[in-house]
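A.B. asks: Build the 3D model from these lines:
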Amino acid sequence: MDCDFTHSPTLIPEFISYTSQYDVVVGSRYMKEGSLRDWNLLRRTLTRTGHFLTTRLLRMPHDATGAFRVYRIDKIPSGLFSLVHSIGYSFLFESLYILNLNGFSIKELPIDLPSRTYGHSKMRMRDAYHSLMLLAYLWLRALFDSQALLYAEPFQGEADLPQSDMRRDWDEYWSAKSNAGNLVYDLIATVYRRAIIKPSLTHFITRHFPARSRLLHAGCGSGQVDVDIAGRVSISGLDISAPALRIYRRSNPKAEQLIHGSIFDIPVPDESFDGVYNLGVMEHFTEAEIHSILKEFHRVVRPGGKIVLFWPPAFGLTVRVLAAVHWFANKVLSKSLKLHPDEITHVRSKRQVRTYLCDTGFQLVDYYFGVRDAFTQAVVVGLKPQRAAAASASETAAPVRAAQY
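C.D. replies: Below you'll find the model as predicted:
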């Protein structure tokens, strides 16, 4: 509650009396005629504008910007608030929206709100601007990816992995973001994954794997791209970040299993999967690390199985656009902006990826770069040969490679 004497302490017992039936009790300024009669025109206008926007954009009928409320924090899991980005005034409507979206019960009680008898508003124009931007973000997020706003219980299969810069970077990336720039990037990335990458992934997985294949999504992230293929193949998600696996489970509750582990040391037996795929992972590693990763993929894929890698080329559209954004923000605006972990090794040519595959026991069977994903990814498909074929090929591998490279 506000402590400027606009919220009457005499109402506290009534608020508390409803907490046995409801998870949140909210004081509403719009249930009684004339409840804002003592307010000046500017304050009434700002408050009513906020109420209009939250009810229209978020489809939430409650008084979402008022601060007189009770939360039953013994009934609301604390992890739910990790979905709330705000640390300022916008926390009021964002937290209520998340609670409402996740099915928690909300009770409104009518209140009068007289003018202040002590103090003054500390809200600045910057706070109002931030609230407006967050409101737009929530509306767009619900429109394109409402699953991201739903709560999932903490991932229980977290392994005791060694701490590393890579793990810290990815945990930070997949955890809730409070920076406005990161929120915008996250929203754009969501639309990009769902509208461009997901159809492309569906095409290549359908093309190279029969129905009911057992696949490992190595570096699964949020799993937004897996939604369409999840009903056709059996997917296990692997990621070094436990927050990513938590998001993945929310997006793909029917995943065969979730594995908290490193792609350098996948905790499964040899030849466990018919195939392995990932998207936007390989570029974050050095060439030596890429060889180690591909050897591990070779170990867990059965003979005759395949790997599918969505790997951005140096000349790809997203690489160029993100490079320009980082340059402008950091050099021109003097910001310290880092939208994603470092990208070290981009695809430079088909020959380059063929060499990587040959060196680790795979054959390049498909390579695509084109309009299907708006020239953003090189799609690399490698085959792990059957044992007889692999033994025969090893006898002539040296002269073939000498001739080809």
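
A.B. asks: The chain: helices as residue ranges?
C.D. replies: Counting by DSSP state H, the segments of the chain that form helices are 12-17, 41-57, 91-101, 125-145, 165-174, 180-192, 198-208, 242-251, 287-300, 317-327, 350-359, 387-404.

A.B. asks: Of those, which is nearest Ala374?
C.D. replies: Among the helices of the chain, helix 317-327 comes nearest to Ala374, with 6.0 Å by Cβ to Cβ. Quick note: C-beta positions are derived from backbone N, CA and C, even for glycine.

A.B. asks: Leu113 - how many residues pack around it?
C.D. replies: One way to gauge burial is a neighbour count; for Leu113, by other Cβ atoms under 10 Å, it gives 22.

A.B. asks: State the distance from the nearest residue to Pro341 once chain neighbours are set aside to Ile240.
C.D. replies: When the adjacent residues along the chain are set aside, Pro341 lies closest to Asp169, with 4.3 Å between them (Cβ to Cβ, 6 or more residues apart in numbering). For Asp169, the distance to Ile240 under the criterion Cβ to Cβ, to the nearest Å works out to 10 Å.

A.B. asks: more crowded one of those two?
C.D. replies: Under the criterion of other Cβ under 10 Å, the comparison of Asp169 against Ile240 puts Ile240 first, with 20 against 17.

A.B. asks: Tell me the pLDDT of that one.
C.D. replies: Each residue has a pLDDT score; the one for Ile240 is 93.

A.B. asks: OK, contacts around it?
C.D. replies: The neighbours of Ile240, taking Cβ atoms under 8 Å, 6 or more residues apart in numbering as the test, are 161, 166-167, 170, 219, 260-263.

A.B. asks: For Ala128, state which of those is nearest.
C.D. replies: Ranking the contacts of Ile240 by separation from Ala128, with Cβ to Cβ as the measure, puts Trp170 on top at 34.1 Å.

A.B. asks: Is it correct that that closest one is in contact with Val281?
C.D. replies: No: applying Cβ atoms under 8 Å as the test, Trp170 and Val281 come out as separate, 10.2 Å apart.

A.B. asks: so which of the helices of the chain gets nearest Thr65?
C.D. replies: In terms of Cβ to Cβ, the element of these nearest to Thr65 is helix 41-57, at 4.5 Å.

A.B. asks: Pull out the buried positions in that closest one.
C.D. replies: For helix 41-57, burial by neighbour count (16 or more other Cβ atoms under 10 Å) applies to 47, 50-51, 53-54, 57.

A.B. asks: Next: stretch 295-312.
C.D. replies: Taking 16+ other Cβ under 10 Å as the neighbour-count basis, stretch 295-312 is seen to contain the buried residues 296-301, 305-312.

A.B. asks: and that stretch, C-alpha only, in CSV?
C.D. replies: Presented in CSV, the C-alpha positions along stretch 295-312 are these (Å, rounded to 0.1, in the frame of the first residue of the first chain):
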residue,chain,number,x,y,z
LYS,A,295,33.2,-36.2,-32.3
GLU,A,296,30.8,-36.4,-29.4
PHE,A,297,27.9,-36.1,-31.8
HIS,A,298,29.5,-39.0,-33.7
ARG,A,299,29.6,-41.1,-30.5
VAL,A,300,25.9,-40.7,-29.6
VAL,A,301,24.5,-41.1,-33.1
ARG,A,302,23.9,-44.6,-34.4
PRO,A,303,25.5,-45.7,-37.7
GLY,A,304,23.3,-44.4,-40.6
GLY,A,305,22.2,-41.5,-38.4
LYS,A,306,22.6,-37.8,-39.2
ILE,A,307,23.3,-34.5,-37.7
VAL,A,308,21.6,-31.3,-38.8
LEU,A,309,23.3,-28.0,-37.9
PHE,A,310,21.8,-24.6,-38.5
TRP,A,311,25.1,-22.5,-38.5
PRO,A,312,25.1,-18.8,-39.4
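
A.B. asks: if we can go back for a sec, format the contacts of Ile240 as TSV; extra columns: neighbour count, distance to Pro210 and pLDDT.
C.D. replies: Putting these into TSV (neighbours: other Cβ atoms under 10 Å; distance: Cβ to Cβ, whole Å; pLDDT from 0 to 100) gives the following:
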residue	neighbour count	distance to Pro210	pLDDT
Leu161	14	33	81
Met166	17	34	77
Arg167	15	35	82
Trp170	22	32	77
Gly219	23	24	95
His260	20	29	94
Gly261	17	27	94
Ser262	21	29	94
Ile263	23	25	96
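
A.B. asks: Out of these, which is nearest to Leu96?
C.D. replies: So of the contacts of Ile240, ranked by how close each gets to Leu96 (Cβ to Cβ), first place is Trp170, at 30.6 Å.

A.B. asks: Look up how far Lys254 lies from the residue lying closest to the closest one once chain neighbours are set aside.
C.D. replies: If you skip the residues right next to it in sequence, Trp170 has Ser241 as its closest partner in space, 4.1 Å away by Cβ to Cβ, 6+ apart. As judged by Cβ to Cβ, Ser241 and Lys254 stand 21 Å apart.
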